[in-house]
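[1] Below are the sequence and a predicted model for it; my questions follow.
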Amino acid sequence: MSHLSTMLEVDAPAEVVYDLLADPVRAPEWQSLLTELGPVSGRPGGIGSSFVGYYRVAGRKLPAQFVVTAAERPSLHQVNGTTTGGWNRWTHVIEPDGDRCRVRISMEYELPGEIVGSLFGMLTGNRIEREFRHSYERLQRLAEAAARSAPPRGPARVEDDGAPGERRRARDAEPAEAAAG
């Protein structure tokens, strides 16, 4: 069994990152070894939902069936995958920090038997590690671009409930047209 992990500091809210990770249709935008997406079933990102991905590994196109095994928006997303003779488990833990987040990624995997145990297998493992890091760099750029293009959330404003000593509460600012209407 092999294990890869990395951590990202992303200038995007945790929800933006989670939604990219949880939607299999968006995976080809950031997963560099994914060449094609097959059938998707269930609510994207929901526990028990599944999808098929076709990966280019060691010059071969490997189909993998994935099932979402943990999903807690915006903090946890995990998928387990199987392919003929191999498997993997991807775990994403997202820690919100205001308009930013930290993403801890862990991937455990076992390549099909005919790839493991040779110089070819070692080279394949090195390529998988490179592509793993490259994929998460792409995810980071995609999430940050999405956050930059999102409408601003506006500064919080404080409303006074009236009498002195009354509790104040903060709310997101509303557009001027809505407040005037």
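    Sure, I can see it.
[2] what about stretch 78-90, distance to the chain center?
    16 Å (CA atoms, centre = their mean, to the nearest Å).
[3] What mean pLDDT does stretch 134-154 get?
    Stretch 134-154 shows an average pLDDT of 90 in the prediction.
[4] what about residue 27, is that helix, strand or coil?
    The three-state label for residue 27, taken from DSSP: H, G, I helix; E, B strand; the rest coil, comes out as helix.
[5] List the residues that contact it.
    Contact analysis of residue 27 by CB atoms under 8 Å, 6 or more residues apart in numbering lists 34, 37, 53. (Each C-beta comes from the backbone N, C-alpha and C, glycine too.)
[6] Thought residue 52 was touching the first one, still the case?
    No - counting by CB atoms under 8 Å, no contact exists between residue 34 and residue 52, whose distance comes to 10.7 Å.
[7] Identify the residues contacting the most centrally placed residue in the chain.
    Ranked by distance to the mean C-alpha position of the chain (CA atoms, centre = their mean), the top residue is residue 21 at 2.4 Å. Residues in contact with residue 21 (CB under 8 Å, 6+ apart) are 45, 77, 92, 94, 139.
[8] check contacts around the nearest residue to residue 12 once chain neighbours are set aside.
    Using CB to CB, 6 or more residues apart in numbering and skipping residues adjacent in sequence, the residue nearest residue 12 is residue 147, 3.6 Å away. Residues in contact with residue 147 (CB under 8 Å, 6+ apart) are 11, 12, 13, 16, 99.
[9] Find the residues that touch each one of residue 34 and residue 52.
    With CB under 8 Å, 6+ apart as the test, residue 34 and residue 52 reach no residue in common.
[10] rewinding a little: any of the contacts of residue 147 buried? List them.
    In terms of neighbour count (16 or more other CB atoms under 10 Å), the buried residues within the contacts of residue 147 are 12, 13, 16.
[11] Please verify my assumption that the second one contacts residue 103.
    No - counting by CB under 8 Å, residue 13 does not reach residue 103; the two are 11.8 Å apart.
[12] ok, residues contacting stretch 128-137?
    For stretch 128-137, the external contacting residues (CB under 8 Å, 6+ apart) are 2, 4, 6, 8, 30-33, 57, 103, 105, 107, 109.
[13] try 6 Å
    4, 6, 8, 30, 31, 32, 33 (CB atoms under 6 Å, 6 or more residues apart in numbering).
[14] partner residues bridging the nearest residue to residue 1 once chain neighbours are set aside?
    In this structure, residue 1 finds its nearest non-sequential neighbour in residue 110, 5.2 Å apart by CB to CB, 6+ apart. In this entry, residue 110 is beta-bridged to residue 87, by DSSP bridges.
[15] rewinding a little: and the residue nearest to residue 12, how close does it get to residue 97?
    13 Å (CB to CB, to the nearest Å).
[16] Report the buried residues of stretch 64-72.
    Buried residues in stretch 64-72, counting neighbours by 16+ other CB under 10 Å, are found at 64, 66, 67, 68, 71.
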